[in-house]
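*Asks:* Sequence and predicted structure, then a few things I'm wondering about:
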Amino acid sequence: LGAVAAAAGLDAETLVRLAVYDDVACAVAALLKLEPGDPADGVALVLSACGAVEERIPGLAALTSPDQIPAAGAPQAEAWAESHALTNRRLFRA
């Protein structure tokens, strides 16, 4: 993601905002599949979550090593997503 952001000319803070938005939007999309509701409520959740981390953006943008990421499960979640893309099993059951 960092290499793509660099090629696109995005600064580090914009990249962090993009990563946060992507993670939250994916989670909310899954939530709406498990518990159907008004998509506008989902948008409100995404906006609220993105706003809640705004004060941490500069600190996160300053990180230079994966060991500094303040969420140990995030890299594993990415690995699970990549693994799931190669299977025909369902990720969720409602």
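*Replies:* Arrived safely.
*Asks:* Who are the contact partners of V20?
*Replies:* Contacts for V20 (CB atoms under 8 Å, 6 or more residues apart in numbering) come out as 49-50, 53. C-beta coordinates here come from the backbone N, C-alpha and C atoms, glycine included.
*Asks:* Run through the strands of this structure in chain order.
*Replies:* Using DSSP state E, the chain contains no strands.
*Asks:* so where is it shaky, pLDDT-wise?
*Replies:* 72-75, 91-94 (pLDDT under 70).
*Asks:* max-length helix in it?
*Replies:* helix 12-34 (DSSP state H).
*Asks:* Now do the buried residues in that helix.
*Replies:* 12, 15-17, 20, 23-25, 28 (16 or more other CB atoms under 10 Å).
*Asks:* mind listing the helices for this protein?
*Replies:* Per DSSP H, the chain carries helices over the ranges 2-8, 12-34, 39-52, 57-61, 74-84.
*Asks:* Give me the helices and strands touching the third one, please.
*Replies:* Packing partners of helix 39-52 (3 or more CB pairs under 8 Å, 6 or more residues apart in numbering; DSSP states H and E): helix 12-34.
*Asks:* Next, the angle from the helix it packs on to helix 74-84.
*Replies:* Put simply, helix 12-34 runs at 50 degrees to helix 74-84, going by axes from the mean of the first three to the mean of the last three CA atoms, to 10 degrees.
*Asks:* how near is the most centrally placed residue in the chain to I57?
*Replies:* The residue lying closest to the centre of the chain (CA atoms, centre = their mean) is D23, at 1.6 Å. From D23 across to I57, the span is 14 Å (CB to CB, to the nearest Å).
*Asks:* swap in E78?
*Replies:* From E78 over to I57 the distance is 20 Å, taken as CB to CB.
*Asks:* and those two? which has more neighbours close in?
*Replies:* Comparing E78 with I57 by other CB atoms under 10 Å, the one with more neighbours is I57, at 17 against 12.
*Asks:* List the residues that contact the more buried one.
*Replies:* Residues near I57 by CB under 8 Å, 6+ apart: 13, 16-17.
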